[in-house]
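**Q** Predicted coordinates and the sequence they were generated for:
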Amino acid sequence: MPAPSGSSPGPLQPSRVLNVEENVTYPETFEVVHSRHLKESDTVIILIGLVGTGKTAFISEVLGQDVGIGSRLARETAEVRGYRFRLPRMDEDLVLVDTPGFEDHSDDYEILETIANWLEQMYLRKVRFSGILLLHRITDNLARPVVWKHLQSFENIYETQLFSRVLFVTTMWNDRTDKVFVQRERELVSIFWGYMINQGARTIRFQKVTHAAALRVIRFLQEDRGEPPLEPKPGRIPELIRELRWRKNGAGSQSTGIVQVAKHGLHESLESAHRKLGQFLKFLEGKSS
Ligand SMILES: Nc1nc2c(ncn2[C@@H]2O[C@H](COP(=O)(O)OP(=O)(O)O)[C@@H](O)[C@H]2O)c(=O)[nH]1
Ligand SMILES: [Mg+2]
């Protein structure tokens, strides 16, 4: 059982110990990192998904230690946190980034902003970005598009195709292949995820909550498909960060796209009216003098 090493930025208190598998070599140690701690020798994988889709459970399986499964605390503090570790026989550090989970709420923009900050830090620190694991419960009979809608915010920040680095991971299979789940998976792939899959995203089942199954997912994501590194377009991440802030503060969670556009438009017209009024007053001043 690996012990958590010097956990910057704060002590990590595992709530319980997992049923560790026998004959499995877990990472010897791991540490909690924030984006400002990233190093050039790191390789980052970001996990996103709705609350309760198994992101923290996945990371805990990799590490061999419960790092807060089912915890809502992380959600409340909206904390995005990386776990740095090294797998046996590997000569690079992996950082799995856990996110609080989207809930189709205005807080989502805060999470997206933090993820965008990670992307910016990764770029500035020349960190390798393996890609994104997008977790989805196969047991969900409603396909809520909120996560893949959010993911599309990041679509245009890279010169190269981001979606080819996205891996849809279906969870909660419980080692069974129920017909209804297989049918649902087919629908997700052909309808809901079709747009991203056509652009290179892939999908895999996290069939069973085990260390080996989690590593299989990571290896699948990291498979070398001869893709060029992800290069952000100049200035595009800070621009996205501003946009996300504006959406969080200005538009509110319930606003539809149209309302947002209208609000933006209204803001623009007010500014322009203000400018025109200023010019008019100057003109009057000129006349009276
Ligand atoms: N059966 C099953 N349970 C899972 C799986 N992944 C997570 N869980 C459970 O689902 C609950 C929520 O998982 P958690 O990792 O906290 O979700 P998060 O909010 O995405 O981090 C916990 O009780 C986990 O033990 C899975 O693949 N199969
Ligand atoms: Mg979690």
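**A** Noted; the coordinates are in hand. Ligands and ions are numbered 1, 2, ... in the order given.
**Q** Contacts made by the helix or strand that contains Trp246 with the rest, please.
**A** Trp246 belongs to helix 236-246 when assigned by DSSP states H and E. By Cβ atoms under 8 Å, 6 or more residues apart in numbering, the residues outside helix 236-246 that reach it are 109, 112-113, 116-117, 119-120, 123, 153-154, 156-157. C-beta here means a position set from N, CA and C on the backbone, and glycine is covered the same way.
**Q** from the residues you listed, which is closest to ligand 2?
**A** Lowest distance from ligand 2 to the contacts of helix 236-246 (Cβ to the ion) belongs to Leu112, with 16.3 Å.
**Q** Show me what the one helix or strand that closest one maps to is packed against.
**A** According to DSSP H and E, Leu112 maps onto helix 107-124. Contacts defined by 3 or more Cβ pairs under 8 Å, 6 or more residues apart in numbering; DSSP states H and E place helix 107-124 against strand 42-49, helix 146-151, helix 236-246.
**Q** Can you name the residues that contact Ala214?
**A** Ala214 neighbours (Cβ under 8 Å, 6+ apart): 58, 61-62, 206.
**Q** where does the longest strand along the chain sit relative to the chain's centre, distance-wise?
**A** When the chain is parsed with DSSP state E, its longest strand is strand 128-137. The chain centre lies 7 Å from the centre of strand 128-137; the measure is Cα atoms, centre = their mean, to the nearest Å.
**Q** Return the list of strands paired to it, each annotated with direction.
**A** strand 42-49 (parallel), strand 166-171 (parallel) (DSSP bridges).
**Q** any chance of the ones you listed in a markdown table, with mean pLDDT, distance to Trp148 and mean neighbour count too?
**A** Output for the strands paired with strand 128-137, formatted as a markdown table (pLDDT from 0 to 100; distance: least, Cβ to Cβ, whole Å; neighbours: other Cβ atoms under 10 Å):
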| stretch | mean pLDDT | distance to Trp148 | mean neighbour count |
| --- | --- | --- | --- |
| strand 42-49 | 96 | 10 | 22 |
| strand 166-171 | 97 | 9 | 24 |
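**Q** Nearest to ligand 1 among the ones you listed would be which one?
**A** strand 166-171 (3.6 Å; Cβ to the nearest ligand atom).
**Q** Using PDB, list the CA coordinates for that closest one.
**A** This file holds the C-alpha atoms of strand 166-171, laid out as PDB (Å, rounded to 0.1, in the frame of the first residue of the first chain):
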ATOM      1  CA  VAL A 166     -10.400  12.700 -25.900                       C
ATOM      2  CA  LEU A 167     -11.300   9.300 -24.600                       C
ATOM      3  CA  PHE A 168     -14.900   8.700 -23.500                       C
ATOM      4  CA  VAL A 169     -14.800   6.200 -20.600                       C
ATOM      5  CA  THR A 170     -18.000   4.500 -19.700                       C
ATOM      6  CA  THR A 171     -18.200   3.400 -16.100                       C
END
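**Q** Kind regards, and thank you for your time.
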